[in-house]
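Q: Build me a structure from this.
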Amino acid sequence: MGRFIVEIRNPEDDADRRLLEWSTVVDAPVTYGMREDEFTDYYQAEYGNEGMRELPARMARVREKGTSAYDDESWEDTALVCNRAGPDETQVDAAMLWKLCVADRPRSEGETS
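A: Model prediction:
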């Protein structure tokens, strides 16, 4: 059991993508969706220098298939199959995942989407 990096896509604009960390323990995201620079800052703070040494290989898998998971072929395999990301641990689809993790996420003062 672990955590994977997942690149979720805006259902209305496929070019608009965000990174989040997905937990196989809770079958849901444990971060909100972030742009890559924000995610890199988060990752550095969370995992330190050791984690940063592993990040390039993990990101190469994310760029190739949308997930850092070795066994999954796409971000959908990691984040949409049997997830518990919705209210009361309900399963959500791609549009609802985007809404919960990006569109409706809490914002810092002065922060935009």
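Q: how far out from the middle of the chain is stretch 79-92?
A: Mean-position distance between stretch 79-92 and its chain equals 14 Å (CA atoms, centre = their mean, to the nearest Å).
Q: Which positions in it come out as buried?
A: Counting neighbours by 16 or more other CB atoms under 10 Å, one finds that the buried residues in stretch 79-92 are 79-80, 83, 85, 92. C-betas here are computed from N, CA, C, even on glycine.
Q: Not counting it itself, show me its contacts.
A: Contact partners of stretch 79-92, identified using CB atoms under 8 Å, 6 or more residues apart in numbering, comprise 6, 8, 22, 26-29, 67, 93-94, 96-97, 100-101.
Q: and it, what's its mean pLDDT?
A: Stretch 79-92 carries an average pLDDT of 94.
Q: doesn't V30 make contact with S23?
A: Yes - using CB atoms under 8 Å, S23 is in contact with V30, at 4.7 Å.
Q: Could you pull out the helices in the chain for me?
A: 36-65, 75-79, 94-98 (DSSP state H).
Q: looking at the ones you listed, which is buried most?
A: Comparing the helices of the chain on average neighbours per residue, with mean count of other CB atoms under 10 Å, the densest one is helix 75-79 at a mean of 22.
Q: Name the residue closest to the centre of the protein, please.
A: The chain has L20 as the residue nearest its centroid, 2.1 Å off, counting by CA atoms, centre = their mean.
Q: Please report how far that residue lies from I5.
A: 8 Å (CB to CB, to the nearest Å).
Q: Mutual contacts of S23 and V30, please.
A: The contact sets of S23 and V30 overlap at R3 (CB under 8 Å, 6+ apart).
Q: circling back: which one of the helices of the chain lies nearest to D16?
A: helix 94-98 (8.9 Å; CB to CB).
Q: how about the spatially closest residue to V26 that is not a sequence neighbour, phi and psi?
A: Nearest in space to V26, with sequence neighbours left out and distances taken as CB to CB, 6 or more residues apart in numbering, is R84 at 6.6 Å. R84 adopts backbone torsions of phi -130, psi 50, taken as degrees, to the nearest 10.
Q: and R84, how far is that from W22?
A: For R84 relative to W22 (CB to CB), the value is 11 Å.
Q: what's the overlap in contacts for those two?
A: Common neighbours of R84 and W22 (CB under 8 Å, 6+ apart) are A28.
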